[in-house]
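**Q** coordinates for the following, if possible.
(one chain, ligands or ions: 1)
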Amino acid sequence: MAEAAWTPEEGLDAARAAFRAAFSTEPDEVWASPGRVNLIGEHTDYNGGLCLPIALPHRTYVAASRRDDDQVRMTTTLADADSRPEQWTGTLSDIRPGGVEGWAAYAAGPAWSLRNAGIAVPGTDLAIASCVPLGAGLSSSAALECATGLAFSSLAGTPLDGDDAQRAQLAELCVEAENEVAGAPTGGMDQAASLRTRAGHALLLDCLDGSIRQVPLDLEHAGLRLLVIDTRASHSLTDGQYGERRSACEAAAAQLGVVTLREVNDLDSALARLDDEVARRRVRHVVTEIQRVLDVVAGAEADDWPTVGGLMNASHVSLRDDYEVSCIELDVAVEAAVGAGALGARMTGGGFGGSAIALVRTDDVDRVADAVLSAATSHDLVEPEVHVVAPAGPGQRFA
Ligand code: GLA
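**A** Numbers count the residues shown, from 1 in each chain. Coordinates of the predicted model:
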């Protein structure tokens with residue numbers, strides 16, 4: 001099994017230590033926001049669809065202090081735990097589309113979108129420390145944006161951590177920052193998962209109107225565990241494939257005369273009206289996946305876990321064959337998990353690498369994890385890291 005997520009105390013210590021090392025003083029505040037895994041509803045968010053993420057216990061911690069000028073100084077230990085911390089220094093007006101690159105664009109971006117929204121973000125010193133695995137499809141980027149977004153809004157005197165309306169506003173601003181400043185054309189699921197989830201619950205997010213429902217998810221009580229299998233196959237959302245899928249959906253929606261694919265009620269007649277075979281497969285994935293989210297919620301509420309598992313398997317097949325965003329590492333992990341007795345397994349997140357999840361009876365955890373590791377070895381793949389996770393809480397202030 002992979003190393004456990006940091007406890008809040010460990011995260012606080014790491015962020016404070018990074019702040020002291022960089023700025024020789026104590027921070028005013030420490031905030032943290034989690035990564036996520038999506039139970040089901042993949043590539044539906046930018047189609048106005050439904051998804052069902054949970055927050056991970058893995059968080060990105062940000063220690064921050066207000067400055068009296070317009071300087072922003074950031075330091076991170078995230079790049080690589082063994083390498084020297086990286087620094088970024090600039091002014092508030094340097095933080096804009098095209099003005100910041102790499103990790104710093106994700107970290108600083110929310111200062112730009114908050115300022116655009118009329119929130120007076122001040123000059124800031126901040127230090128970042130994180131235990132969210134990087135490039136694993138577990139939303140390390142959203143965890144980072146949401147943690148700095150919380151800190152920037154708080155230092156501005158208007159912390160957006162109160163009710164769900166405030167959290168939804170901050171989630172939107174973080175999406176805008178990711179799209180415009182970091183240049184990644186992602187939908188809104190990850191930021192909502194990082195800011196609007198509740199511990200012990202999955203978040204049923206309706207991406208058409210932004211509404212949510214907290215779905216209780218006590219897997220342990222049901223004698224189950226959720227495994228997150230980080231294949232460690234590289235994953236990037238800025239390499240064009242993700243944007244290509246998104247454009248294909250938008251083009252299909254335009255051809256069908258709807259604003260988003262959420263509005264497709266009659267799948268067969270929609271498919272008959274599309275002249276391109278690839279477009280038909282993309283649409284079929286999105287429309288069937290949205291229905292699977294509803295079916296998983298109904299299954300979970302009825303304690304019908306075999307049905308939930310079957311829907312996860314169907315989601316994987318659809319993502320692999322119709323949406324074509326899986327890869328050998330994910331397929332091998334999913335097949336091995338199901339072969340070793342998982343109730344269901346599927347890739348999660350954007351795909352093209354990253355992580356899979358498996359729903360497993362508590363007694364089968366070790367057997368399934370071992371099967372996943374040996375399947376990777378026998379296919380000459382990098383050994384995955386397996387985490388056992390339960391739904392954790394959203395971003396919040398820790399000190
Ligand atoms: C990435 C994006 C999300 C979502 C998923 C696929 O995680 O950041 O917005 O589109 O892929 O469901």
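
**Q** for residue 351, grab phi and psi.
**A** Here is the backbone geometry of residue 351 (degrees, to the nearest 10): phi 100, psi -160.

**Q** next, count neighbours for it.
**A** Residue 351 has 25 neighbours, counted by other CB atoms under 10 Å. C-beta here means a position set from N, CA and C on the backbone, and glycine is covered the same way.

**Q** hang on, it packs against residue 319?
**A** Yes - the criterion here is CB atoms under 8 Å, and residue 351 meets it with residue 319 at 6.3 Å.

**Q** common neighbours of the two, please.
**A** Counting by CB atoms under 8 Å, 6 or more residues apart in numbering, the contacts common to residue 351 and residue 319 are 42-43, 325-326.

**Q** can you turn the buried part of the residues you listed into a ChimeraX selection?
**A** A single ChimeraX command suffices to select whichever of the shared contacts of residue 351 and residue 319 are buried according to 16 or more other CB atoms under 10 Å:
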select :42,43,325,326
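
**Q** and the ligand, which of the shared contacts of residue 351 and residue 319 reach it?
**A** Among the shared contacts of residue 351 and residue 319, the residues lying close to the ligand (CB under 6 Å from any ligand atom) are 42-43.

**Q** looking at the shared contacts of residue 351 and residue 319, which two lie furthest apart in space?
**A** Within those, two members stand farthest from each other by CB to CB: 43 and 326, at 11.5 Å.

**Q** okay, and the common contacts of the two?
**A** Both residue 43 and residue 326 are in contact with 319, 351, where contact means CB under 8 Å, 6+ apart.

**Q** returning to that earlier point: so which of the shared contacts of residue 351 and residue 319 are in helices?
**A** Among these, none falls in helices (DSSP state H).

**Q** can the shared contacts of residue 351 and residue 319 go into a markdown table with extra columns for pLDDT?
**A** Shown next, in a markdown table, are the shared contacts of residue 351 and residue 319 (pLDDT from 0 to 100):
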| residue | pLDDT |
| --- | --- |
| 42 | 98 |
| 43 | 98 |
| 325 | 96 |
| 326 | 96 |
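
**Q** residue 14: which of the shared contacts of residue 351 and residue 319 is nearest?
**A** residue 42 (31.4 Å).

**Q** wait, the closest one sits on residue 53?
**A** No - between residue 42 and residue 53 there is no contact under CB under 8 Å: 10.1 Å.

**Q** got the buried residues for stretch 369-385?
**A** Buried residues in stretch 369-385 (16+ other CB under 10 Å): 369, 371-373, 375-376, 381, 384-385.

**Q** name the residues contacting each of residue 42 and residue 53.
**A** Listed contacts common to residue 42 and residue 53 are nil; contacts here mean CB under 8 Å, 6+ apart.

**Q** if I pick residue 36, what's in contact with it?
**A** 53-56, 138-139, 142, 189-190, 193-194, 197.

**Q** out of those residues, which sit inside helices?
**A** Using DSSP H, those in helices are 142, 189-190, 193-194.

**Q** now do stretch 41-56: distance to the chain's middle.
**A** Put simply, stretch 41-56 sits 9 Å off its chain's centre (CA atoms, centre = their mean, to the nearest Å).

**Q** which parts of the chain sit against the ligand?
**A** 38, 42-43, 45-46, 186-187, 189-190, 237, 349-350.

**Q** so, low pLDDT: which residues of this structure?
**A** The model of the chain has pLDDT under 70 over residues 1, 78-83, 235-239.

**Q** domain boundaries for it, per the record?
**A** The chain is divided into the following domains under automatic domain parsing: 8-217, 224-389.

**Q** start to end distance for the longest one?
**A** Meaning domain 8-217. Chord length of domain 8-217, first to last residue, is 22 Å (CA to CA, to the nearest Å).

**Q** the shortest one now?
**A** Using CA to CA, one end of domain 224-389 lies 11 Å from the other.

**Q** dump the residue contacts of residue 2.
**A** For residue 2, the contact set (CB under 8 Å, 6+ apart) comprises 133, 230, 385-387.

**Q** ok, back up a step: now the residues of the chain next to the ligand in TSV, with distance to residue 149?
**A** Formatted as TSV, these follow (distance: CB to CB, whole Å):
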residue	distance to residue 149
38	20
42	24
43	24
45	18
46	20
186	15
187	17
189	16
190	13
237	18
349	20
350	21
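
**Q** for residue 9, state which of the residues you listed is nearest.
**A** Comparing these against residue 9 with CB to CB places residue 190 closest, at 25.8 Å.

**Q** which residue sits closest to that closest one, ignoring its sequence neighbours?
**A** Of all residues not flanking residue 190 in the chain, residue 142 sits nearest, at 3.5 Å (CB to CB, 6 or more residues apart in numbering).

**Q** point me to the residue of the stretch 251-399 of the chain nearest the ligand.
**A** The ligand sits closest to residue 350 of the stretch 251-399 of the chain, with a gap of 3.3 Å, by CB to the nearest ligand atom.

**Q** isn't that residue right up against residue 325?
**A** Yes - the pair residue 350 / residue 325 is scored as a contact, 6.9 Å apart, by CB under 8 Å.

**Q** can you check which residues contact both of the two?
**A** residue 43.

**Q** what segments of the protein are helices?
**A** According to DSSP H, the chain carries its helices in the segments 8-23, 102-116, 140-155, 164-177, 189-196, 241-256, 267-273, 277-301, 305-317, 328-339, 365-378.
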